[in-house]
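Chemist: quick one, structure for this:
(one chain, ligands or ions: 1)
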Amino acid sequence: DENLEDKVVLITGAASGIGEQLAYAYGRRGALLSLVDIRKDKLEIVADKAKSLGSPDVTIIAADVSKLQDCHRFVDHTVNHFGRLDCLVNNAGIGKPSEFKDWSNHDSEFTPIMDVNFWGSVYGSLCAIPHLKTSKGRIIVVASALGWFPLPGSSIYNASKAAVINYFETLRMELGWAIGITIVTPGLVKTDLGFKLTKKESIMGIVPMALASELAESIVKSGCRGDMYLTEPSWVKVLFPLKV
Ligand code: NAD
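Modeler: Numbering: from 1, shown residues only. This next block holds a predicted model:
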């Protein structure tokens with residue numbers, strides 16, 4: 001297992017779910033953490049736990065990833081505090097069931113999904129890349145299997161994740177492999193968002209839901225190597241027979 005002492009890892013959406021578990025997985029390996037979320041109260045609790053698990057220093061920033069000026073602020077704060085940045089984890093994401101009939105009536109309810117999931121990941125990366133080039137660091141972006149294989153019931157969410165996958169594939173080429181990029185495409189995960197999204201979906205009960213803690217462990221274990229995709233085997237097994 002990789003020793004991440006002296007590595008500075010910035011995680012967005014760290015107050016709950018997968019981001020929270022990533023904070024603990026990195027914390028256990030001794031990484032220095034910068035945790036970002038719109039929910040500051042919960043971030044404080046996560047920071048204390050990450051410290052108790054082994055992180056020597058954790059700093060928290062309340063910020064909205066869908067705002068470019070917020071992304072500048074949390075990246076600058078991290079680099080001022082720790083002197084470097086080794087890994088940006090673009091994890092913050094939102095979603096809600098969105099069928100065509102819903103979407104045509106309530107634009108304003110759904111546009112934030114693209115703003116947070118797509119633009120949030122793009123903005124965070126734009127701000128972090130100069131520092132990641134210096135450290136020969138890495139971006140990990142949490143997309144979704146729904147970005148590969150769309151299923152009915154969450155069209156805008158699916159599209160936002162497809163955009164994320166496509167953007168980071170392009171970015172990797174444009175940067176000439178100067179930094180590592182890991183695109184994670186999980187299936188269903190037991191988090192607040194996971195339960196919300198599956199309410200209306202036909203896959204509920206067919207695809208097993210992963211534990212956020214187990215997913216976080218596998219991201220930290222394999223996400224540090226090479227350029228890759230991480231997709232849960234359970235999801236691939238269910239979906240490939242449907243597609244082929
Ligand atoms: P979650 O709701 O438990 O956690 C998401 C966190 O992001 C929350 O703490 C929330 O406050 C924060 N957040 C939301 N908007 C933000 C913003 N504008 N700025 C900063 N922080 C913000 O959900 P999760 O399931 O842990 O989701 C984490 C990532 O995993 C998301 O990108 C999600 O799309 C992706 N994902 C989840 C599943 C699943 O089944 N749960 C599957 C595939 C991908």
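
Chemist: which secondary structure element of the chain has the lowest mean pLDDT?
Modeler: Using mean pLDDT, DSSP states H and E, the weakest-scoring helix or strand in the chain turns out to be helix 233-243, at a mean of 47.

Chemist: now what about whichever helix in the chain runs longest, what contacts it?
Modeler: Counting by DSSP state H, the longest helix found in the chain is helix 155-174. Helix 155-174 has contacts (C-beta atoms under 8 Å, 6 or more residues apart in numbering) with 95-96, 98-100, 103, 110, 113-114, 117-118, 121-122, 125, 139, 141, 143-144, 146-148, 150-151, 181, 183, 185, 197, 227. (Each C-beta comes from the backbone N, C-alpha and C, glycine too.)

Chemist: out of these, which sit inside helices?
Modeler: Per DSSP H, the subset of these in helices is Phe100, Trp103, Phe110, Ile113, Met114, Ser121, Val122, Ser125, Leu197.

Chemist: and the least confident of the residues you listed?
Modeler: Lowest pLDDT among the ones in helices among the contacts of helix 155-174: Trp103, with 66.

Chemist: now Ile183: how far from Ala162?
Modeler: 11 Å (C-beta to C-beta, to the nearest Å).

Chemist: looking at the two, which one has more neighbours?
Modeler: Counted by other C-beta atoms under 10 Å, Ile183 and Ala162 do not tie: Ile183 has more neighbours, with 25 against 18.

Chemist: would you agree that one is in contact with Ile139?
Modeler: No: assessed by C-beta atoms under 8 Å, Ile183 is found out of contact with Ile139, at 9.0 Å.

Chemist: any low-confidence regions in the protein?
Modeler: Within the chain, the stretches with pLDDT under 70 are 1-2, 102-107, 199-207, 223-244.

Chemist: go again with 80.
Modeler: For the chain, the stretches with pLDDT under 80 are 1-3, 98-109, 177, 197-209, 222-244.

Chemist: got the residues of it near the ligand?
Modeler: Applying C-beta under 6 Å from any ligand atom, one finds that the chain approaches the ligand through 12-13, 15-19, 36-39, 64-66, 91-95, 116, 120, 142, 144, 186, 188-189, 191-194.

Chemist: need the contact list for Met114.
Modeler: Ile156, Ala159, Ser160, Ala163.

Chemist: among the residues of the chain next to the ligand, which lie within strands?
Modeler: Using DSSP state E to define strands, the subset of the residues of the chain next to the ligand located there is Thr12, Val36, Asp37, Val142.

Chemist: how much space separates the closest residue to the first one other than its chain neighbours from Tyr123?
Modeler: What it means is Thr12. Using C-beta to C-beta, 6 or more residues apart in numbering and skipping the chain neighbours, the partner closest in space to Thr12 is Ala92 (4.0 Å). Note on Ala92: its distance to Tyr123, by C-beta to C-beta, is 11 Å.

Chemist: what sits in contact with each of these two?
Modeler: Common contacts of Ala92 and Tyr123 (C-beta under 8 Å, 6+ apart): Val65.

Chemist: more neighbours: which of those two?
Modeler: The neighbour count for Ala92 versus Tyr123, taken as other C-beta under 10 Å, is higher for Ala92 (26 against 22).

Chemist: wait, the more buried one sits on Val36?
Modeler: Yes: applying C-beta under 8 Å, one finds Ala92 in contact with Val36, separated by 7.3 Å.

Chemist: what sits against the residue positioned nearest the centre of the chain?
Modeler: By C-alpha atoms, centre = their mean, the chain has its centre lying nearest to Asn91, at 1.8 Å. If you count contacts by C-beta under 8 Å, 6+ apart, Asn91 has them with Ile11, Thr12, Gly13, Ala14, Ile18, Gly19, Leu22, Ile140, Val141, Val142.

Chemist: understood, closing this out.
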